[in-house]
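Participant: Requesting a structural model of the entry that follows:
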Amino acid sequence: SQRNEKREALLSKVRNLPHSPGVYRFQNKDGKIIYIGKAKNRRNRVSSYFLSGRGHSYRIEKMVSQISDF
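Facilitator: Here you go, the predicted structure:
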């Protein structure tokens, strides 16, 4: 499905993120920034949003469903 293709594309992008500290921005399909975060290890932090079964709150699940780029 299109949703799974989008998720796989984002996961592929996550694998290319560095393990270094820094800032990340999530954008929706319109290119609007919906979240800005910082992390000591960007790859681990960003990938944690896309892993199922992490017990995310409704707010986080909703945000993740709207991410189209970062």
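Participant: what packs against the longest helix anywhere in the chain?
Facilitator: If you go by DSSP state H, the chain has its longest helix at helix 2-15. On a contact count with 3 or more CB pairs under 8 Å, 6 or more residues apart in numbering; DSSP states H and E, helix 2-15 meets helix 42-50. (Each C-beta comes from the backbone N, C-alpha and C, glycine too.)
Participant: Run through the neighbouring helices and strands of the first helix or strand past the helix it packs on going along the chain.
Facilitator: Using DSSP states H and E, the helix or strand that follows helix 42-50 towards the C-terminus is helix 58-66. When contacts are defined as 3+ CB pairs under 8 Å, 6+ apart, helix 58-66 sits against strand 33-39, helix 42-50.
Participant: so where is this protein shaky, pLDDT-wise?
Facilitator: 1, 52-54 (pLDDT under 70).
Participant: what angle do the longest helix of the chain and helix 58-66 make?
Facilitator: 90 degrees (axes from the mean of the first three to the mean of the last three CA atoms, to 10 degrees).
Participant: How far off centre is helix 2-15?
Facilitator: When distances are taken as CA atoms, centre = their mean, to the nearest Å, helix 2-15 is centred 9 Å away from the chain's centroid.
Participant: Residues contacting that helix, please?
Facilitator: The contact list for helix 2-15, computed with CB atoms under 8 Å, 6 or more residues apart in numbering, reads R43, V46, S47, F50, I67, S68, D69, F70.
Participant: Please name the two of these that end up farthest apart in the structure.
Facilitator: Across these, the longest distance by CB to CB is 19.1 Å; it joins R43 and S68.
Participant: How many residues are close by K29?
Facilitator: 10 (other CB atoms under 10 Å).
Participant: pretty sure it is in a helix, no?
Facilitator: No - for K29, which was evaluated using DSSP: H, G, I helix; E, B strand; the rest coil, the result is coil, with no helix membership.
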